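Give me the fold of what follows.
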Amino acid sequence: MLLKLFRDKVSLGQAAAEQAATAIGRAIAERGAARVIAATGASQFEFLDALTEAPGIDWTRVEAFHLDEYIGLPVTHPASFRKFLLERLVKKTGIVSFHWIEGDAADPVAVIRKIVKELASAPIDIAFLGIGENGHIAFNDPPADFTTEDPYLIVNLDEPCRRQQVNEGWFADISQVPTRAISMSPRQILKAKELLVVVPDQRKAAAVKACLEGEISPMAPASILRRHPKATVYLDTESASLLSPGLKSALVEQSQVVVSS
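The predicted structure is shown next:
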């Protein structure tokens, strides 16, 4: 795993977008198309803004997959991840092939069955991810299931995860936050050829420390990303603030550091 440090979330987002654009362009050059997984949340704002403005990407050749979605939430709700990606990615780029998780459908199992079939047709070139305040990846809250091979799961959302959604302004109070979601599984995430993890802000600092310096454990779900051969984590000075002095000093001096599993 490669860690990269930036002074703020804007420069972080720009650098991450450059790496993402390179990966997309390489896949299109090699195979004529690129397959990506797109994440949502306030931590992705600057990254997606920069990515959608990146020059040279033929977005008509990009096929995208939805990482996770609340069960029971309509696409019109401000917190809908479909709404988020429609407004911040799809409409800005003209992506024509996006495989949505229809969280408000009557049968979540049928929704999973449909997207799994589409996902299985070819490998994913790059997955865009974040890390939650409780260490989750996608909606895999602790303890995450590190063993299942199912590509998508129906998961229960824990209180810290649901409270984060309130604190980010997506819901007025925790009673409005759904308790279940459809989420890509940890093992499926690891099947992407490349992982790009965008994690700014002080509120993520404890999770960053636990997932990058603690043991690889379902109690720190994003720690599993350290097992991927090509994962890059983008930090700003705030999200890196609780890292051990040695690691933080190395990051400050060199701007990037390799962390092994």
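
Hmm, Arg180 is touching Asn156, no?
Yes: when contacts are counted by CB atoms under 8 Å, Arg180 is listed as touching Asn156 (5.9 Å). Quick note: C-beta positions are derived from backbone N, CA and C, even for glycine.

The two: which is more packed in?
Using other CB atoms under 10 Å, the more surrounded residue of Arg180 and Asn156 is Arg180, with 15 against 10.

now the helices: where do they sit in the protein?
9-31, 45-52, 81-85, 91-93, 108-119, 159-167, 186-189, 205-213, 245-254 (DSSP state H).

closest to Thr232 out of these?
helix 9-31 (6.5 Å; CB to CB).

how about the closest one: buried residues?
9-10, 12-17, 19-21, 23-25, 27-28 (16 or more other CB atoms under 10 Å).

Among these, pick out the one closest to Ala240, please.
Of all these, Ala240 sits closest to Leu12, with 10.5 Å by CB to CB.

Return the residues in contact with the closest residue to Ile131 other than its chain neighbours.
Ranked by CB to CB, 6 or more residues apart in numbering and with sequence neighbours excluded, the top spatial neighbour of Ile131 is Ala222, at 4.4 Å. Taking CB atoms under 8 Å, 6 or more residues apart in numbering, we find Ala222 in contact with 129, 131-132, 135-137, 197, 207, 211.

One more: Tyr234?
Counting by CB under 8 Å, 6+ apart, Tyr234 has contacts 4, 6, 12, 15-16, 47, 196-200.

Please report the distance of it from Phe146.
Plainly put, Tyr234 is 24 Å away from Phe146 if you go by CB to CB, to the nearest Å.

And for Arg203?
With CB to CB as the criterion, Arg203 and Phe146 are 25 Å apart.

quick check: mean pLDDT across stretch 156-165?
Mean pLDDT, stretch 156-165: 96.

what does it rub up against?
Under CB under 8 Å, 6+ apart, the answer for stretch 156-165 is 79, 132-134, 136, 139, 141-142, 171, 174, 177-181.

again, but for stretch 71-80
The contact list for stretch 71-80, computed with CB under 8 Å, 6+ apart, reads 69-70, 82-83, 86, 103-104, 108, 154, 165, 170-171, 177-178, 180-182.

Going by neighbour count, which of these are buried?
Buried among the contacts of stretch 71-80 (16+ other CB under 10 Å): 69-70, 82-83, 86, 103-104, 108, 165, 170-171, 177-178, 181-182.
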